[in-house]
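Q: Sequence isn't available, so here's the structure alone:
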């Protein structure tokens, strides 16, 4: 149980570090995407029954499917949404965690 709590804290730290790269604009989005994908995968391992994380991965996959087939004007809003959405998933999960989960 202590290991799960440690991994969850690592997920939070990775997410916060990723948010720091927002100041780099579009170049930062690449780094944010990589870090948040790592955080999301770890979160998925910890909470495999959590539905919002599956929605996150579905939207991420759709983003890459449409990337080559559409103009990038509106599509760049999707990664920004995903940054906020994953942050929301992680931090609301912490507030609803019971002692049985961690």
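A: The structure has been received and is ready for your questions. Owing to the predicted nature of the structure, the values given are computational and were not obtained by experimental measurement.
Q: any idea how far residue 31 is from residue 8?
A: For residue 8, the distance to residue 31 equals 22 Å [C-beta to C-beta, to the nearest Å]. Placement of C-beta: from N, CA and C, glycine included.
Q: and those two? which has more neighbours close in?
A: Looking at residue 8 and residue 31 with other C-beta atoms under 10 Å, you find the greater number of neighbours at residue 8, namely 20 against 15.
Q: my guess is the more buried one contacts residue 50, does it?
A: No. Using C-beta atoms under 8 Å, residue 8 is not in contact with residue 50, being 11.9 Å away.
Q: so what sits against both of those two?
A: By the contact definition C-beta atoms under 8 Å, 6 or more residues apart in numbering, residue 8 and residue 50 are jointly contacted by residue 43.
Q: Give me the buried positions along stretch 60-79.
A: Along stretch 60-79, the positions that meet the burial threshold by neighbour count (16 or more other C-beta atoms under 10 Å) are 60, 63, 78, 79.
Q: Point out the other helices and strands that the helix or strand of the chain with the lowest mean pLDDT packs with.
A: Within the chain, no helix or strand scores below helix 72-75, which has a mean of 72 by mean pLDDT, DSSP states H and E. Where contact means 3 or more C-beta pairs under 8 Å, 6 or more residues apart in numbering; DSSP states H and E, helix 72-75 is packed against helix 51-67.
Q: The helix it packs on packs against which elements?
A: helix 25-46, helix 72-75, helix 77-96.
Q: please redo it, this time with the cut-off set to 6 Å
A: Here helix 51-67 touches helix 25-46, helix 77-96, going by 3 or more C-beta pairs under 6 Å, 6 or more residues apart in numbering; DSSP states H and E.
Q: Save these as TSV, and put in distance to residue 3 too.
A: TSV is the format used below for those (distance: least, C-beta to C-beta, whole Å):
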stretch	distance to residue 3
helix 25-46	10
helix 77-96	17
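Q: can I get those in TSV with mean pLDDT and distance to residue 15?
A: As requested, the helices and strands packed on helix 51-67 are exported to TSV (pLDDT from 0 to 100; distance: least, C-beta to C-beta, whole Å):
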stretch	mean pLDDT	distance to residue 15
helix 25-46	85	5
helix 77-96	83	5
